[in-house]
Each structure stands twice: as structure tokens, then as C-alpha cells.
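S.K.: Let me see the structure of the following:
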Amino acid sequence: DVFELVIDGKELSLSGDSHCCYIAIDAISTDLVHWALEDGENQQSFTFFLTVIRDHLHCPVWSITSDLGRARCFLSPVETLFPDARHQACIVHFFGRFFPRMGIVSHTHRDQHRVLRQLLSATLMASSLLDATQQRDYLISQRHRFTTPIQRAAIASLLRNFSRYTQHFNEPNLPRDTNLAENIFGRLQQSIAAFRGLPHRVAAYNILKIWFWFYRTSPLVNSTLETRKNRSPLQLNGFHHGPHWLPKTQ
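M.R.: Prediction:
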């Protein structure tokens with residue numbers, strides 16, 4: 001079997017410091033393939049994270065869906081360590097990065113912002129690669145209309161990474177966003193809030209290890225897919241476990 005990974009990193013606040021938690025999720029089974037707690041989100045830590053997946057877990061990776069990483073730090077490690085993998089850039093992160101900064105209410109450039117938001121959405125939310133390409137070409141023809149720094153940055157990012165944002169058109173099962181990983185982080189952060197924060201790194205690592213194991217073995221009772229409903233990610237990945245998997249204590 002090959003893996004279609006959804007990878008994301010999230011900053012976690014520990015006592016006296018901040019760290020980055022990376023997770024790699026199998027898009028088919030939703031099972032956790034690998035996770036790590038690193039000092040920060042950067043090219044060096046992400047390279048090490050992918051190296052473990054390739055050289056220690058020996059995962060045959062068919063595709064990777066991720067955002068671009070802080071300062072585009074995810075791009076080079078993916079190209080170097082998994083040069084044959086399809087790399088899809090998360091379109092939700094694109095919207096989240098640029099759209100809030102292109103307001104359309106009570107703003108000097110609101111009309112330009114509104115038009116550009118429509119053009120960018122039409123390109124990234126296209127129904128086919130042909131449609132996306134045509135929308136991109138039309139955007140290029142209208143590029144001279146958008147002159148503010150944020151408008152130019154959004155257009156440049158889309159054009160520079162167009163092949164990554166549209167990779168999913170060539171692979172029907174390839175997610176075009178990292179929502180799967182974001183949802184897991186959302187649940188994790190709720191738990192962290194209940195803990196009233198995380199303690200120092202060693203204790204935090206042990207808490208995360210237990211939390212991720214509960215995630216892997218808990219049934220997906222709210223899944224909208226019947227093939228996943230009431231089955232745990234670990235079961236969906238082909239491993240069977242009973243309801244009483246914790247060892248008995250005296």
C-alpha cells in the first residue's frame with residue numbers, strides 16, 4: 001500500500017516556551033502515520049520529520065498535501081526527500097493568508113479586492129484543470145488592474161505555485177486542503193485548554209503520545225462516510241483492536 005499524506009504543523013505553547021507539533025495523517029484511513037514535537041516550524045525540523053517517515057518508517061508516499069510552511073519551508077524538503085510524490089498545496093491556507101487582508105468593507109481598494117477575490121476563488125475552486133488554467137490565464141490578462149502590495153503578493157503566490165494548487169485534478173483521491181489535520185489539531189487544542197496548558201517538554205511529549213494513541217483507537221462516530229463510521233483510524237488502516245486495549249492495572 002502507498003500513503004496519501006496530509007501533513008501540517010501547529011505551534012503549541014509549553015511552559016516558558018513554544019514548540020511546533022508536526023503530524024502526518026493518511027488521507028484514506030485518517031490514521032496517524034507519524035508525529036513529532038520540535039523546537040519550531042522551519043526547514044531543518046521539517047526535513048528531519050520527513051526523513052523519519054522515509055528512512056525509519058519506510059512509508060511509500062504517493063502524495064503529500066500541506067501548506068507551504070512558514071516562509072515556504074515545506075517546499076524544499078518535500079522535493080528533496082519525496083521527489084516523486086505529488087505535492088498539493090492547501091487552498092484553504094491560501095484563502096486564509098490573503099483574503100482577510102483584502103477587505104471589501106469600508107476600504108479604499110474594496111472594489112479591486114472584491115474582483116480579485118472572485119478571480120482567485122474561480123481559479124482555485126475550478127471544477128477541472130482546464131477550467132483552472134483558463135481562469136489563471138484570464139487573471140494574468142487582468143493583472144495590471146491590481147496594484148497594491150497584498151494584491152500583487154496574492155497573484156504572485158498563485159502563479160508561482162499554480163501546479164501545486166491544482167495537483168489534485170490529476171489524482172481524484174488527493175485532498176486539496178489540510179482540513180483533516182486541522183480538525184485533529186482543533187480537538188487537540190481543546191484538550192490542551194482543558195489541561196490549562198502544557199507543562200515542560202518531557203511531560204508534554206508524554207501527554208501528546210497518549211492523546212494521539214486515543215485518537216488512533218477511538219471510533220469515528222461522527223464521520224459522514226459510512227465506510228469510516230464507528231471504526232477507529234487504526235482499524236481503517238488494517239489493524240484490529242478490541243474495546244479494552246489498555247493494560248489492566250492491579
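
S.K.: residues near residue 136, how many?
M.R.: A count of nearby residues for residue 136, using other C-beta atoms under 10 Å, gives 22. C-betas here are computed from N, CA, C, even on glycine.

S.K.: I figured it hits residue 159, correct?
M.R.: Yes. Counting by C-beta atoms under 8 Å, residue 136 does reach residue 159; the two are 7.2 Å apart.

S.K.: got the buried residues for stretch 220-229?
M.R.: Neighbour-count burial for stretch 220-229 flags 220, 228 (criterion: 16 or more other C-beta atoms under 10 Å).

S.K.: quick one: contacts of that stretch?
M.R.: The contact list for stretch 220-229 (C-beta atoms under 8 Å, 6 or more residues apart in numbering) reads 30, 230-233, 236.

S.K.: contacting residues for the spatially most central residue of the chain?
M.R.: Nearest to the mean C-alpha position of the chain, by C-alpha atoms, centre = their mean, lies residue 178 at 3.1 Å. By C-beta under 8 Å, 6+ apart, the contact set of residue 178 is 6-8, 65-67, 90, 92-93.

S.K.: chain center to stretch 95-106: distance?
M.R.: Distance of stretch 95-106 from the chain centroid (C-alpha atoms, centre = their mean, to the nearest Å) equals 21 Å.

S.K.: export stretch 10-20 as PDB, just CAs?
M.R.: Extracted C-alpha coordinates of stretch 10-20, given in PDB (Å, rounded to 0.1, in the frame of the first residue of the first chain):
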ATOM      1  CA  LYS A  10       1.000  23.800  14.700                       C
ATOM      2  CA  GLU A  11       2.600  25.900  17.300                       C
ATOM      3  CA  LEU A  12       1.900  24.700  20.900                       C
ATOM      4  CA  SER A  13       2.600  26.800  23.900                       C
ATOM      5  CA  LEU A  14       4.600  25.000  26.600                       C
ATOM      6  CA  SER A  15       5.600  26.300  30.000                       C
ATOM      7  CA  GLY A  16       8.100  29.100  29.300                       C
ATOM      8  CA  ASP A  17       8.400  28.400  25.600                       C
ATOM      9  CA  SER A  18       6.700  27.500  22.300                       C
ATOM     10  CA  HIS A  19       7.200  24.400  20.200                       C
ATOM     11  CA  CYS A  20       5.800  23.000  16.900                       C
END
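
S.K.: Give me the helices and strands touching the strand ranked longest in the chain, please.
M.R.: For the chain, the strand with the greatest residue count under DSSP state E is strand 3-14. The elements that strand 3-14 packs onto, with contact taken as 3 or more C-beta pairs under 8 Å, 6 or more residues apart in numbering; DSSP states H and E, are strand 17-26, strand 32-38, strand 61-66, helix 179-194, helix 201-217.

S.K.: what angle sits between that strand and helix 179-194?
M.R.: On the basis of axes from the mean of the first three to the mean of the last three C-alpha atoms, to 10 degrees, strand 3-14 is oriented at 20 degrees to helix 179-194.
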